[in-house]
Each structure stands twice: as structure tokens, then as C-alpha cells.
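Student: how would this look folded up:
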Amino acid sequence: MSKSLNLFGGAAFGTVAVLTMAVNFADRNIAGFPENPPVMTAIAAPVVSSGLIGAANASTGAGEGKFGLGRVALPEEIAAWDVDVSPDGTGLPVGSGSVEDGEMLFSEGCAVCHGEFAEGVGNWPKLAGGEGTLANDDPVKTVGSYWPHLSTAWDYVNRSMPYGNAQTLSDDDVYAIVAYILYSNFLVEDDFVLSNENFLEVELPNADGFIIDDRAETEYTIWRTEPCMENCKDSVEITMRATVLDVTPQEEAAAAQAAVAQTAAVTEPVAEAPAAEAAAVVAAAEADALDPMLVAAGEKVFGKCKACHQVGDGAKSRTGPHLNGIIGADIGAVDGFKYSKVLAEMGGTWTHETLAAFLADPRGFAKGTKMSFAGLKSEDDIAAVTAYLASFQ
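Tutor: From the prediction side, this is the model:
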């Protein structure tokens with residue numbers, strides 16, 4: 001028993017000694033906690049004149065009632081995001097760009113999705129065409145047919161294009177691309193130059209086609225009720241099928257897709273066809289001009305031409321002459337169309353060979369032609385388009 005007391009007694013004495021030393025150290029070296037410590041208050045936000053800067057302050061938590069975390073956005077940081085352009089021209093930078101320059105820029109950076117003439121590729125948006133279609137079941141909504149303000153086109157190109165590499169275009173490049181889009185919609189001539197000075201002079205065809213949406217006040221109360229969340233119908237049946245979007249599976253749709261795949265195989269690019277060799281490309285095409293598959297392939301390739309040329313019933317001359325009966329017709333001889341001087345004075349007739357040479361390299365075939373298209377590079381495409389045009393004799 002005496003041994004246990006000695007053991008525990010020594011341990012207790014040591015513990016008391018350590019605690020006493022700790023208290024003495026704290027008294028000498030650690031500041032005391034005040035009875036009424038000051039409460040941390042919010043750091044007042046600096047007074048700024050710009051509404052945008054004020055909004056940035058709120059987003060960073062530097063406003064009243066917050067803890068002052070972060071900092072106020074700098075004016076130059078806000079300016080980097082403040083790129084919007086309004087219909088009245090607010091936000092437009094100084095600059096200019098021509099249709100000619102825009103064509104080259106569009107071909108290099110935009111045509112892969114939107115087509116050489118802004119006609120659209122696959123499901124990528126069409127930027128040109130669609131005139132008079134807004135009342136149709138399947139309207140074609142483009143810059144020329146649907147958009148009310150040119151500023152929308154400028155703002156979107158500047159803000160979001162080219163796809164995957166946004167905001168890499170200079171202001172002049174944006175003006176040039178928008179000018180080319182206008183040209184593709186037949187709204188300006190090929191020598192047009194768009195700038196911040198004449199921007200508001202360009203009025204889009206659908207400028208007055210939009211109205212204020214007042215359905216919240218005039219209609220919602222009539223048909224809006226509490227939504228049904230369960231057991232809303234006794235049975236669910238398909239009552240209609242999607243025809244425009246091709247999303248309802250059908251055997252006919254599968255067959256159509258197979259036909260498209262076969263047509264695509266015909267138009268696969270295989271080699272370049274310079275003008276000097278283009279005549280030989282269609283030697284066999286003349287005999288097979290009305291081959292259905294070749295004509296179908298040519299119709300697809302002709303999509304690159306439709307922005308300027310029409311063919312078929314009711315075809316009219318527009319930016320380019322209509323192409324009905326072109327095989328065997330005199331060069332530069334469509335009534336009522338104003339040709340460039342070189343074609344008007346060239347003479348001769350359009351044969352399979354001359355048409356192929358022109359399609360391969362328009363400017364090489366007729367130096368000075370106002371046709372801006374660079375030419376078809378695939379021999380198969382040239383043969384297919386020639387066959388397609390020959391079907392409209």
C-alpha cells in the first residue's frame with residue numbers, strides 16, 4: 001500500500017508542477033482576450049460610376065453586407081467581356097471590310113460548316129436564302145430571311161466565331177465576313193464595303209417582322225392550369241409522326257438513308273482537277289449524262305451553286321444566270337443577264353468539255369469573270385454537276 005501511495009503521489013506532484021509552469025508562461029506571453037471584442041464589419045464597396053462595374057462588385061462579394069472577399073473587377077477586365085453590339089450601333093468598333101475580303105475569310109474559316117455560299121452544310125445553319133419561306137411549314141430562317149437586325153450577325157460572328165476559336169477575328173475581318181453574308185443574301189453588290197459608318201444604312205428584309213410578345217398578359221390565363229403529374233391519360237399512343245425532322249423511325253427513312261450513302265460515295269473527292277485536265281474528266285459523262293445516280297450526286301453538289309444560279313421549272317437569273325439548257329447554248333447568251341465583259345465577248349458554246357473546264361477553274365477559264373467561286377476540285381463532282389445540268393435541256 002505504501003508503495004502505491006508513493007508512486008501515485010509522485011505522479012500527482014509532477015502533474016501539478018507542469019500545470020503551474022504552463023499557467024505562468026501563459027500569463028507572461030499570451031495576450032488576454034478583451035471583454036468586448038470589436039465585430040468584423042463588411043468592407044464598403046468603392047463608389048463607381050459604371051453600372052457594369054457595380055454589377056461586377058456584387059458578383060465578387062464586395063458589396064454591402066458581405067465579408068469583402070475578392071476584389072473589384074478592373075475596367076479593362078470588364079471591357080474584355082463588354083463586346084455586345086446593339087441594333088442602334090452602340091458598341092460597334094471603328095473598322096471596315098469588303099465583300100471580296102469577306103469571301104476569302106468565309107471560305108477559309110466558315111465554309112466548312114456554312115457552305116461556300118452560306119447555304120449551310122448538313123445540319124449546320126444556313127445563313128443565306130429562305131426568302132418568302134417564313135409562312136411555310138418548314139421555314140428557312142437565315143440572316144436574309146429572318147433576322148431583323150444586322151447587329152445580331154455582327155455581334156454573333158465577333159463573339160462566337162469561328163467555331164472552336166472564338167474572338168480571334170479582327171474587327172475588320174468581322175466587317176468583311178458580315179459583308180459577304182449580306183452579299184450571299186443578295187442584299188448588297190459584290191463591290192460593297194461594310195463599315196461602322198454605313199452599318200445602320202443596311203436594313204434587313206425582316207426588320208419589321210417581330211412583335212412584342214404579350215401572351216403572358218393576353219393568353220396565359222386562358223389555357224394555363226396546374227400541370228398533371230401522374231395518371232394523366234389511360235393510355236399513350238403515337239398519333240402523329242415527325243416528317244420534317246426525320247426523327248420517327250420508319251422503313252422508308254432507312255431506305256432513304258441508304259440511298260444517300262450511295263450518293264455520297266459518288267461525290268467523295270479523289271483528286272484535284274485543274275482546268276487543263278478537266279475536259280478529259282467528262283468524256284465519259286457525256287454518254288452517262290442522265291445516269292440517275294450521277295444526276296442525284298450532281299444535285300447535291302449543285303447546292304454550292306444555288307446561292308447564285310437557278311435551274312429547273314421557273315428558274316430565273318439572279319446574281320448568276322439561270323442554267324436551263326446550258327449544254328449546247330452560246331457562252332454568255334442568257335437573255336437579260338449582264339455578263340462580265342470576258343464572257344460576253346468570248347463566243348463559242350457550252351459543251352461538256354468547256355463547262356467542265358469552267359467549273360474546275362472559273363477565273364482561269366475566263367480571266368476577269370465576276371464569278372467569285374474558286375472552282376470544284378473533285379473530278380467526280382465536276383462530272384456529276386455536268387450530268388445534273390444536262391438533265392435540264
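
Student: okay, and Pro148 sits in which element?
Tutor: For Pro148, there is no enclosing helix or strand under DSSP states H and E.

Student: for the stretch 251-393 of the chain, which spans come out with low pLDDT?
Tutor: Applying pLDDT under 70 to the stretch 251-393 of the chain flags the ranges 251-289, 307, 319, 370, 372, 374.

Student: now the strands for the stretch 101-250 of the chain?
Tutor: Taking DSSP state E, counting those that start in this stretch, the strands of the stretch 101-250 of the chain run over residues 193-195.

Student: for it, which segments count as helices?
Tutor: 111-114, 150-160, 171-184, 215-218, 220-223 (DSSP state H, counting those that start in this stretch).

Student: deepest of these, which one?
Tutor: Burial of the helices of the stretch 101-250 of the chain is given as mean neighbour count (mean count of other CB atoms under 10 Å); helix 171-184 ranks first at a mean of 26. Quick note: C-beta positions are derived from backbone N, CA and C, even for glycine.

Student: please parse the chain into its domains.
Tutor: 51-81, 96-201, 264-390 (automatic domain parsing).

Student: quick one: those domains as CSV, columns for distance to Glu226 too.
Tutor: Formatted as CSV, these follow (distance: least, CB to CB, whole Å):
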stretch, distance to Glu226
domain 51-81, 36
domain 96-201, 32
domain 264-390, 49
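
Student: among the ones you listed, which is nearest Lys233?
Tutor: domain 96-201 (27.2 Å; CB to CB).

Student: quick one: which of the helices of the stretch 101-250 of the chain is nearest Ala73?
Tutor: Using CB to CB, the helices of the stretch 101-250 of the chain put helix 150-160 closest to Ala73, at 19.0 Å.

Student: and the contacts of that closest one?
Tutor: For helix 150-160, contacts defined as CB atoms under 8 Å, 6 or more residues apart in numbering pick out 83-87, 89, 91-92, 143, 147, 166-167, 169, 171, 174-175, 177-178, 181-182, 199, 202, 204.

Student: what of stretch 128-145?
Tutor: Taking CB under 8 Å, 6+ apart as the rule, stretch 128-145 contacts 117-119, 125-127, 146-147, 153, 181-182, 184-187, 204-206, 209, 244, 306-307.

Student: could you redo the last one with a cut-off of 7 Å?
Tutor: Stretch 128-145 has contacts (CB atoms under 7 Å, 6 or more residues apart in numbering) with 117-119, 126-127, 146, 153, 181, 184-185, 187, 205-206, 244, 307.
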